[in-house]
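S.K.: here's my sequence, what's the structure:
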Amino acid sequence: MRWIVRLGLMLCAGAALAAQDCESLATLLLQEATVARAESLPAGDFTLAAGKAIPNLPAFCRVVGVIKPSPDSNIQFEVWMPSSGWNSKFQGVGNGGFAGSINYEQMGAAVAHGYATASTDTGHQGIATDAAWALAHPQKIVDFGYRAIHETAVNAKLVVRTFYGVDPAQSYFSSCSNGGRQALMEAQRYPEDYDGIIAGAPANYWTHLLSNAIWDLLALLGDKDSYIPAKKLPAIQAAALAACDALDGVKDGVIESPAHCRFDPAVLLCAGDETDKCLTAPQVMALKLLYAGGRTSDGKPVFPGYAPGGEAESGGWLPWITGAAPERSLMFTFGTQFFKNMVFDNAWDYHTFNVDRDTQAADQKLASILNATNPDLSRFKERGGKLILYHGWSDAAIAARNTIDYYESVLAKMGKKQAPGFVRLFMAPGMQHCGGGSGPNSFGQIGAGSGNPESDIGAALERWVEKGVAPERIVATKRKGDLDPKSEVVRTRPLCAYPLVAHYTGAGSSDDAANFVCATAKAAISK
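M.R.: Residues are numbered from 1 along each chain as shown. The predicted structure is shown next:
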């Protein structure tokens, strides 16, 4: 019955298909939602409640609303639409971590490039590392898991249709981390929402990702001698690079294909007194466990381990895995917040973690709500949808191998010859979580797809959707200042459609993408 009601509301709201002024949207009928405010904003800076401003935005119509699909739901969302110069496209915006806020920055980037756009707090407000809102609120977990992002897409497109008088010609979604999980939720559960989707570093195996976070925590803190302090990370990275740096034919401080790296942490074992340049035997064992990934008592994998090569970089193992001190890492925070507020209760103590029992409990309670692991994308494929996945090999938050595993499950389900017709995967060597790292790490992954499709993943997706040209390689850029798009270019390198990897031709600068070809990993290593 619900879809009939929704269809009726959409037909009534758009029957005349006449564009309306912004303020009149305050009375718009939505699906299980209400509009709290509709206002025309002039060109200039948009100042957030915390005082931070998003500069140089065009004039746009801002619609603020709330969606309540359950008695315990309170999904805040916003829709921004350019007052003029709309490119006829809609861009959905995702969230990181446990969400809790509207992604205004990415909305600003989208509307500045002519897109109508929308974002949601997923049904609660708070910082992205806090899951206290979830305790004893199962419907809020459903909202966070998949419902909010879908309901926002449905209602936002109705707002867009009413404002402009026509539906968006195409709808796109691009996000990373939990946003990558949201992206895959959309492709799997609601394939009609978006024509093209980008899922970066997806946290799609949510229950196992955070079970693995506690596994890793115990690998480091299970006894007092196993903890690896941050001051030893440079020695670990140096040893990994010494073993595998030149796999692509050039020694450049980046491991092109960590899956083919054979690095044994035992080479770091202290021969005499312990120093910052070596590891004790318990630390060597802990490092091996981090690279191996979690295992059940009978040896079955819980989640992939981390790839070697980016341990000491900014945004790497220090914030995510080791922390500045024991129990100070982000994975400690995310893992304990998950089990205390979503799986069990506040009395839960990570010291009591049993990988078999607690992973099973997480799966039984939450896998159907939080995990986006279904490889059957037939409905998305049949309606012409295109999906691009990407992941940084040096990601210290979500092991890169997880995205490869999901991609390969799609190939197995959809067919190895058929699947590349609608889904592609790009691995970024040396890139950390969603960006940063020593490798080329900027390829348009954050923001709207308005650039060159040869070097902008969003533009590559749109060309694929709108013109049928599938991306084979995307040129990534490393700048001296990673967050400054005007900073000096240090290196460019092609990201190749998986399973191909970039290989230096042997001629010209190894910092120029033009001097690399995409080849199979075995062929690249053998040359």
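
S.K.: okay, now His351: neighbour count?
M.R.: His351 is flanked by 10 other residues according to other C-beta atoms under 10 Å. From N, CA and C alone the C-beta is placed, and that goes for glycine too.

S.K.: next one, pLDDT for it please.
M.R.: With respect to pLDDT, His351 scores 96.

S.K.: I'd assumed it was in a strand, is it?
M.R.: No: residue state for His351 (DSSP: H, G, I helix; E, B strand; the rest coil) corresponds to helix; a strand is not indicated.

S.K.: look up phi and psi at Asp45.
M.R.: Dihedral angles phi and psi of Asp45 (degrees, to the nearest 10) take the values phi -90, psi 140.

S.K.: hang on, isn't it packed against Lys52?
M.R.: No: counting by C-beta atoms under 8 Å, Asp45 does not reach Lys52; the two are 9.9 Å apart.

S.K.: does the closest residue to Glu23 other than its chain neighbours count as helix, strand or coil?
M.R.: Beyond its immediate neighbours in the sequence, the residue positioned closest to Glu23 (C-beta to C-beta, 6 or more residues apart in numbering) is Ala38, lying 5.5 Å away. Using three-state DSSP, the secondary structure recorded for Ala38 is strand.

S.K.: how much space separates Ala38 from Gln188?
M.R.: The span separating Ala38 from Gln188 equals 33 Å under the rule C-beta to C-beta, to the nearest Å.

S.K.: who's more crowded, those two?
M.R.: A side-by-side neighbour count of Ala38 and Gln188, using other C-beta under 10 Å, places Ala38 first with 22 against 19.

S.K.: that older thread, and the residue nearest to Glu23, what does it touch?
M.R.: Taking C-beta atoms under 8 Å, 6 or more residues apart in numbering as the criterion, Ala38 is in contact with Cys22, Glu23, Ser24, Leu25, Ala26, Leu28, Cys61, Arg62, Val63, Val64.

S.K.: could you rerun that using 7 Å?
M.R.: Ala38 makes contacts with Cys22, Glu23, Leu25, Ala26, Cys61, Val63, as judged by C-beta atoms under 7 Å, 6 or more residues apart in numbering.

S.K.: what do you get for Val160?
M.R.: Listed by C-beta under 7 Å, 6+ apart, the contact partners of Val160 are Val79, Met81, Phe90, Ala116, Pro168.

S.K.: shaky segments in the stretch 351-500 of the chain?
M.R.: The model of the stretch 351-500 of the chain has pLDDT under 70 over residues 447-450.

S.K.: now the residue nearest in space to the middle of the chain. Nearest residue, chain neighbours left out?
M.R.: Nearest to the geometric centre of the chain sits Cys176, at 2.0 Å (C-alpha atoms, centre = their mean). Among residues not flanking Cys176 along the chain, Gly200 sits closest, at 3.3 Å (C-beta to C-beta, 6+ apart).

S.K.: now the one you found: phi and psi?
M.R.: Given degrees, to the nearest 10, the pair of backbone angles that Gly200 has is phi -100, psi 140.

S.K.: give me the beta-bridge partners of it?
M.R.: On the basis of DSSP bridges, Gly200 takes part in beta bridges with Cys176, Tyr390.

S.K.: Ser175 versus that one, what's the distance?
M.R.: Relative to Ser175, and taking C-beta to C-beta, Gly200 is found at 7 Å.

S.K.: picking that back up, which of the contacts of Ala38 sit farthest apart?
M.R.: Across those, the two members that end up farthest from each other (C-beta to C-beta) are Ala26 and Cys61, 11.0 Å apart.

S.K.: among these two, which residue is more densely surrounded?
M.R.: Cys61 (24 against 15).

S.K.: how about the contacts made by that one?
M.R.: When contacts are counted by C-beta under 7 Å, 6+ apart, Cys61 touches Cys22, Ala38, Ser40, Met81, Ser83, Phe163.

S.K.: would you mind writing the CA trace of stretch 235-246 as PDB?
M.R.: Included here for stretch 235-246 are C-alpha records, laid out as PDB according to Å, rounded to 0.1, in the frame of the first residue of the first chain:
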ATOM      1  CA  ALA A 235      60.400   1.500  10.600                       C
ATOM      2  CA  ILE A 236      57.500  -0.800   9.700                       C
ATOM      3  CA  GLN A 237      56.700   1.200   6.600                       C
ATOM      4  CA  ALA A 238      60.300   1.400   5.500                       C
ATOM      5  CA  ALA A 239      60.600  -2.400   5.800                       C
ATOM      6  CA  ALA A 240      57.400  -2.900   3.800                       C
ATOM      7  CA  LEU A 241      58.600  -0.600   1.100                       C
ATOM      8  CA  ALA A 242      62.000  -2.200   1.000                       C
ATOM      9  CA  ALA A 243      60.300  -5.500   0.200                       C
ATOM     10  CA  CYS A 244      57.700  -4.400  -2.300                       C
ATOM     11  CA  ASP A 245      58.200  -0.800  -3.600                       C
ATOM     12  CA  ALA A 246      59.400  -1.600  -7.100                       C
END
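
S.K.: how about that stretch, which residues are buried there?
M.R.: Residues of stretch 235-246 classed as buried under the neighbour-count rule (16 or more other C-beta atoms under 10 Å) are Ala235, Ile236, Gln237, Ala238, Ala239, Ala240, Leu241, Ala243, Cys244, Asp245.

S.K.: before we move on, what about stretch 167-185?
M.R.: Residues of stretch 167-185 classed as buried by neighbour count (16+ other C-beta under 10 Å): 167-168, 170-185.

S.K.: related to what we said a few turns ago, is it true that the residue nearest to Cys176 touches Gly435?
M.R.: No: look at Gly200 against Gly435 with C-beta atoms under 7 Å: they stay out of range, at 9.0 Å.

S.K.: who touches both of these two?
M.R.: When contacts are counted by C-beta under 7 Å, 6+ apart, the set common to Gly200 and Gly435 consists of Gln445.

S.K.: who's more crowded, those two?
M.R.: Legend: neighbour count by other C-beta under 10 Å for Gly200 and Gly435, higher for Gly200 (28 against 19).

S.K.: residues touching that one, list them.
M.R.: Gly200 sits next to Ser175, Cys176, Gly180, Tyr390, Cys434, Gln445 when contact means C-beta under 7 Å, 6+ apart.

S.K.: got it, and Val64?
M.R.: Taking C-beta under 7 Å, 6+ apart as the criterion, Val64 is in contact with Ala36, Arg37, Glu78.

S.K.: one step back: in JSON lines: the contacts of Cys61, plus pLDDT and distance to Ala367.
M.R.: Converted to JSON lines, the contacts of Cys61 look like this (pLDDT from 0 to 100; distance: C-beta to C-beta, whole Å):
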{"residue": "Cys22", "pLDDT": "97", "distance to Ala367": "42"}
{"residue": "Ala38", "pLDDT": "98", "distance to Ala367": "39"}
{"residue": "Ser40", "pLDDT": "97", "distance to Ala367": "44"}
{"residue": "Met81", "pLDDT": "98", "distance to Ala367": "37"}
{"residue": "Ser83", "pLDDT": "97", "distance to Ala367": "44"}
{"residue": "Phe163", "pLDDT": "98", "distance to Ala367": "39"}
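
S.K.: Gly508: which of these is nearest?
M.R.: The nearest one, if we look at the contacts of Cys61 relative to Gly508 and count by C-beta to C-beta, is Met81, at 46.1 Å.

S.K.: I figured that closest one was touching Pro58, is that so?
M.R.: No: taking C-beta under 7 Å as the contact criterion, Met81 and Pro58 are not neighbours in contact, 10.4 Å apart.

S.K.: who has more neighbours out of the two?
M.R.: Set side by side, Met81 and Pro58 show unequal neighbour counts under other C-beta under 10 Å, the larger going to Met81 at 22 against 18.

S.K.: need the max-distance pair from the contacts of Cys61.
M.R.: That would be Ala38 and Ser83, which, of the contacts of Cys61, are the farthest apart (C-beta to C-beta) at 12.6 Å.
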